[in-house]
Structure formats: C-alpha cells, structure tokens
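> the amino acid sequence is not available; the structure is as follows:
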C-alpha cells in the first residue's frame, strides 16, 4: 500500500470517530439539563465539527476523498446514552461517564497513530493530530471535573 493511502486510511478512521463523537455530543446535549454541563457539551459539538473539517482538508492534501459518515458502533453508543439517560437517576452523571468512555477511546486511537513508528507523519498532519489529541485529553479532564460536581 502506498504511503499516502496508508496515512489517509488512518485519517479517515479518525474522521469516522470524529463524526461519531460529534453526533454523540449532540445526543448528550439533548439529555442534560445542568447549564454548565450543557454549555460544555455544546462546545464539544462545535469542536468535533471543526476537527472533522481539519481532517477532511488534510485528507484532501493527500489527493484522497474523505469518508462521509460515522460508524455502527457510534450509533450503538448513542442509543446506549439515550437509553441510560431515561433509566438513570442521575442522567447527567451517567452521560458524563459515557462521554469519558468515548473520549478515552479517541485518545487511544490518536495515540496509536501518533506513536506508530512505521507511519512517519508529515509535520502538518502530526501537528493537527497532536492538537486534536490534546483537546480531547482536556475534554476528558473537564468531563471528570463536571462528573465530580454533579455526583
């Protein structure tokens, strides 16, 4: 497999995860009443939208076509958020737990790509992925703070 195709495959995997995260945050926003958590989740919807555009532009730089949608696994995760929020006594806490689970999975995926020694990323791609990974880590940390406050 040629190098640019290998890199764009990895970027498309992240793009799919980004679509899933954006959709998941939208579901979470609909199910949270706490104003501070609601704002935080809304900010993450916009952040993931922006991440998607950055990834799409980077994929196009390689002369490839970005993927168009999320995954079945992401659809199942959003269904789980909806279900647990209707059954849970503290829906905000439960939703934040699901946010953390999703963010942890994203971090692992970003770290795997950034740490792949066989995939020497160009500086522009590495910078985008590092910036996005760091923002995901910050979101994970913030969601933990909110979870402690609402529990």
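Arrived safely. Note that the structure is predicted; figures quoted are calculated from it, not measured. Numbers count the residues shown, from 1 in each chain.
> going forward, measure contacts between C-alpha atoms and count neighbours the same way
Noted.
> any buried residues in stretch 118-125, and which?
By neighbour count on 16 or more other CA atoms under 10 Å, the buried set for stretch 118-125 is 121, 125.
> what does stretch 126-138 give?
Residues of stretch 126-138 classed as buried: 129, 132, 133, 135, 136, 137 (neighbour count, 16+ other CA under 10 Å).
> give me the mean pLDDT for it.
The average pLDDT within stretch 126-138 is 98.
> who's in contact with it?
Applying CA atoms under 8 Å, 6 or more residues apart in numbering, the contact partners of stretch 126-138 are 51, 54, 55, 103, 106, 107, 110, 111, 114.
> mind listing what residue 99 touches?
25, 140, 143.
> the same query, at a cut-off of 6 Å, please.
Residues counted as contacts of residue 99 (CA atoms under 6 Å, 6 or more residues apart in numbering): none.
> do you know the pLDDT at it?
89.
> which strand or helix spans it?
Element membership for residue 99, per DSSP states H and E: helix 91-115.
> quick one, the helix or strand following that helix and helix 91-115 angle?
Downstream of helix 91-115, the first helix or strand assigned by DSSP H and E is helix 123-150. Put simply, helix 123-150 runs at 160 degrees to helix 91-115, going by axes from the mean of the first three to the mean of the last three CA atoms, to 10 degrees.
> hang on, the earlier thing: same list (the contacts of stretch 126-138) but as CSV, adding neighbour count.
Below are the contacts of stretch 126-138 laid out as CSV (neighbours: other CA atoms under 10 Å):
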residue, neighbour count
51, 21
54, 16
55, 22
103, 22
106, 20
107, 18
110, 22
111, 14
114, 18
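> so can I have CSV of the residues you listed showing distance to residue 150?
Shown next, in CSV, are these (distance: CA to CA, whole Å):
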residue, distance to residue 150
51, 28
54, 33
55, 34
103, 19
106, 24
107, 24
110, 29
111, 30
114, 34
